[in-house]
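Colleague: turn this into a structure:
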Amino acid sequence: MVKQLIKNGLLIDGKGGEPKKEQIVVTNNESIIYVGPESGYTASGEEVVIDAAGGTILPGLIDTHVHMMMEYSPLSTRLETPFSFMYYQAAEYLKNTLEAGVTSVRDALGTDLGVKKAVEDGLISGPRLQLSINALTITGGHGDGYTVSGKEVDLLPSDYPGMPSGKCDGVEEVRKKTREMLRAGAEVIKVHATGGVLSATDHPEFTQFSLEELKVIVEEGRFRKGVKVMAHAQGAEGIKNAVKAGIHSIEHGIFIDDEAIELMLENGTYLVPTLLAPVAVLESAHEVGMPDSAVQKSKEVIEQHRASFTKAYKAGVKIAMGTDAGVMKHGTNLRELGLMVEGGMSPMESIVASTKTAAECMGWEDKVGTLENGKLADVVVVKGNPLEDIYSLANNDNIQVVIKNGKTEKNLL
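Modeller: Take a look at the predicted model:
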């Protein structure tokens with residue numbers, strides 16, 4: 001890798017301030033070494049110049065809720081697909097995500113340590129990964145593949161080397177299962193604190209795990225140098241249990257209520273809304289063979305989901321961008337920003353939620369999320385000004401340049 005100088009673009013640094021003109025970003029190997037006025041930097045002549053052509057220079061964007069090993073497909077397709085094929089599919093999903101301008105992700109279940117190593121070692125292209133390995137779930141809850149036929153049909157294979165099953169009941173089973181996830185390489189623990197839309201035998205408002213069980217998960221994570229816990233939590237009671245237990249982020253938050261919001265504000269809990277998820281279920285139901293139960297539940301919750309997001313945003317809850325990509329196609333992640341704006345955020349606030357706040361949610365604020373000296377060289381150049389048209393980010397043709405760790409992964413200029 002070499003020095004790169006990115007110029008001739010509007011600079012949005014991820015901190016939420018006014019965008020700046022006549023600024024440049026200079027990278028050297030994996031790091032940013034200069035952000036500021038072009039007049040304040042003396043070029044050595046070694047730099048590779050990237051002309052943003054009047055577009056906008058942004059930090060690499062961050063999606064804090066993805067499933068990199070899957071894209072929802074009909075049951076017949078899953079039954080006909082050999083086990084190892086999912087790794088080759090995942091290589092394409094990772095590439096599509098990166099080329100959409102998303103340079104870091106938090107995987108919310110299904111991706112094992114080998115995939116992360118393949119990305120880090122350069123065998124495949126993809127965003128920087130933070131792994132949960134697999135999600136903890138109760139018998140008969142969201143994540144239990146049991147169907148009304150009596151057969152188990154999981155969205156993803158589990159209980160193979162590097163991917164422990166997440167099913168557990170009772171405090172001691174939950175403790176052991178958390179330790180198994182940590183042993184397998186989990187950098188964040190994922191738990192299903194409520195039912196969900198895609199599972200056949202529960203409902204989003206059903207509560208899963210007791211407060212004592214949730215506290216044990218948080219405790220085990222804390223023992224491992226502060227590993228955080230993320231909770232799939234859609235019903236109000238499950239959300240409140242998760243926050244009371246000390247869980248770091250609430251995923252989805254569909255039926256959030258005033259009491260839950262107050263608890264989240266008191267505890268500094270993040271909300272990762274994934275507004276795109278139920279929208280995508282309804283859009284793709286016929287094409288990918290979504291079960292009728294999932295379609296019906298999406299119809300039930302979609303307006304409530306939007307209203308809950310708006311309520312939490314207006315109250316000041318910390319919001320980090322996440323999509324549930326895998327429910328929808330990877331590489332469509334930045335549609336979420338438009339949905340957040342429709343829910344009340346300004347375009348700049350949606351960008352901050354997808355950069356600075358997302359990095360803070362992942363505990364990576366020291367290395368990504370903003371364009372600053374010393375941070376990792378994750379830089380994106382897009383056509384036009386996304387503050388004038390936030391929906392433009394959803395068109396991958398508008399994502400002109402993607403640099404991750406100082407390496408140019410995409411360049412359409």
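Colleague: next, count neighbours for Lys297.
Modeller: As a burial measure, Lys297 scores 23 neighbours (other C-beta atoms under 10 Å). In this view, the C-beta of every residue, glycine as well, is placed from N, C-alpha and C.
Colleague: sec struct for the residue nearest to it when sequence neighbours are not counted, please.
Modeller: Distances taken as C-beta to C-beta, 6 or more residues apart in numbering place Val197 nearest to Lys297, at 4.5 Å, with adjacent residues excluded. Assigned with DSSP: H, G, I helix; E, B strand; the rest coil, Val197 falls in the coil class.
Colleague: got the contact list for Val197?
Modeller: Contact analysis of Val197 by C-beta atoms under 8 Å, 6 or more residues apart in numbering lists Pro204, Gln234, Ala277, Pro278, Val281, Ala294, Lys297, Ser298, Val301.
Colleague: how near is the last one to Lys190?
Modeller: If I follow you right, that is Val301. Per C-beta to C-beta, to the nearest Å, Val301 is found 20 Å from Lys190.
Colleague: of the two, which one has the most company?
Modeller: Ranked by neighbour count (other C-beta under 10 Å), Val301 and Lys190 place Lys190 first, with 28 against 23.
Colleague: now the more buried one: which helix or strand?
Modeller: Following DSSP states H and E, one finds Lys190 within strand 188-192.
Colleague: Ile57: how many residues sit nearby?
Modeller: Neighbours of Ile57 under the rule other C-beta under 10 Å: 26.
Colleague: pull the contacting residues for it.
Modeller: Ile6, Gly9, Leu10, Leu11, Ile12, Gln23, Val25, Leu371, Val379, Val380, Val381.
Colleague: just to revisit the earlier point, what helices or strands is the next helix or strand after the strand holding Lys190 leaning on?
Modeller: Remark: after strand 188-192, the chain's next helix or strand is helix 211-223, criterion DSSP H and E. If you count contacts as 3 or more C-beta pairs under 8 Å, 6 or more residues apart in numbering; DSSP states H and E, helix 211-223 packs onto helix 171-183, strand 188-192, strand 228-233, helix 236-245.
Colleague: quick one: strands adjacent to whichever helix or strand comes after the last one?
Modeller: Just to be clear, that refers to helix 236-245. Downstream of helix 236-245, the first helix or strand assigned by DSSP H and E is strand 249-252. When sheet partners are counted by DSSP bridges, strand 249-252 sits next to strand 228-233 (parallel), strand 270-272 (parallel).
Colleague: and Leu79, which of those is closest to it?
Modeller: strand 228-233 (25.4 Å; C-beta to C-beta).
Colleague: hmm, who's touching that closest one?
Modeller: The contact list for strand 228-233 (C-beta under 8 Å, 6+ apart) reads 65, 106, 108, 132, 135, 142, 188-194, 196, 214, 217-218, 221, 238-239, 242, 245-253, 272, 363.
Colleague: and this structure, what are its domains?
Modeller: Here the domain parsing of the chain from automatic domain parsing is 4-59+369-411, 61-362.
Colleague: ends of the last one, what's the gap?
Modeller: With C-alpha to C-alpha, to the nearest Å as the measure, the first residue of domain 61-362 is 13 Å from its last.
Colleague: for stretch 253-269, same thing?
Modeller: Between the opening and closing residues of stretch 253-269 there is a gap of 12 Å (C-alpha to C-alpha).
Colleague: can you give me the mean pLDDT across it?
Modeller: The predicted model assigns stretch 253-269 a mean pLDDT of 98.
Colleague: check what pLDDT the residue nearest to Pro164 when sequence neighbours are not counted gets.
Modeller: Nearest non-adjacent residue to Pro164, counting by C-beta to C-beta, 6+ apart: Glu180, 4.3 Å away. The model reports Glu180 with a pLDDT of 97.
Colleague: look up how far Tyr160 lies from Glu180.
Modeller: Separation of Glu180 from Tyr160 (C-beta to C-beta) stands at 13 Å.
Colleague: go on, Ala285?
Modeller: For Ala285, the distance to Tyr160 (C-beta to C-beta) stands at 29 Å.
Colleague: looking at the two, which one has more neighbours?
Modeller: Taking Ala285 and Tyr160 together and counting by other C-beta under 10 Å, Ala285 has the greater number of neighbours (17 against 10).
Colleague: in contact with Gly14, which residues?
Modeller: So Gly14 contacts Leu58, Pro59, Ile351, Val352, Thr355, Lys356, Gly369, Thr370, Leu371 (C-beta under 8 Å, 6+ apart).
Colleague: please flag which of those residues sit within helices.
Modeller: In helices, defined here by DSSP state H, the members of these are Ile351, Val352, Lys356.
Colleague: stretch 217-233: which residues count as buried?
Modeller: Ile217, Val218, Glu220, Gly221, Val227, Lys228, Val229, Met230, Ala231, His232, Ala233 (16 or more other C-beta atoms under 10 Å).
Colleague: now do stretch 100-119
Modeller: Result for stretch 100-119 [16+ other C-beta under 10 Å]: buried residues 100-113, 115-116, 118-119.
Colleague: and for stretch 75-83?
Modeller: For stretch 75-83, a neighbour-count test (16+ other C-beta under 10 Å) marks Arg78 as buried.
Colleague: next one: stretch 170-180
Modeller: For stretch 170-180, burial by neighbour count (16+ other C-beta under 10 Å) applies to Glu173, Val174, Arg175, Lys177, Thr178, Glu180.
Colleague: if we can go back for a sec, out of the contacts of Val197, which are buried?
Modeller: With neighbours counted by 16+ other C-beta under 10 Å, these contain buried members at Pro204, Gln234, Ala277, Pro278, Val281, Ala294, Lys297, Ser298, Val301.
Colleague: and these, which is closest to Ala90?
Modeller: Using C-beta to C-beta, Ala277 comes nearest to Ala90 of these, at 19.4 Å.
Colleague: and that closest one, what's its pLDDT?
Modeller: What the model reports for Ala277 is a pLDDT of 93.
Colleague: ok, and the closest non-adjacent residue to it?
Modeller: The shortest distance from Ala277 to any non-neighbouring residue, by C-beta to C-beta, 6+ apart, is to Asp324 (3.9 Å).
Colleague: against Thr269, how distant is the one you found?
Modeller: Asp324 is 19 Å from Thr269, by C-beta to C-beta.
Colleague: show me the strands in the stretch 251-400 of the chain, by range?
Modeller: Counting by DSSP state E, counting those that start in this stretch, the stretch 251-400 of the chain has strands at residues 270-272, 318-319, 379-382, 399-404.
Colleague: now do the end-to-end distance for stretch 226-240.
Modeller: Rule used - C-alpha to C-alpha; the end-to-end distance of stretch 226-240 is 21 Å.
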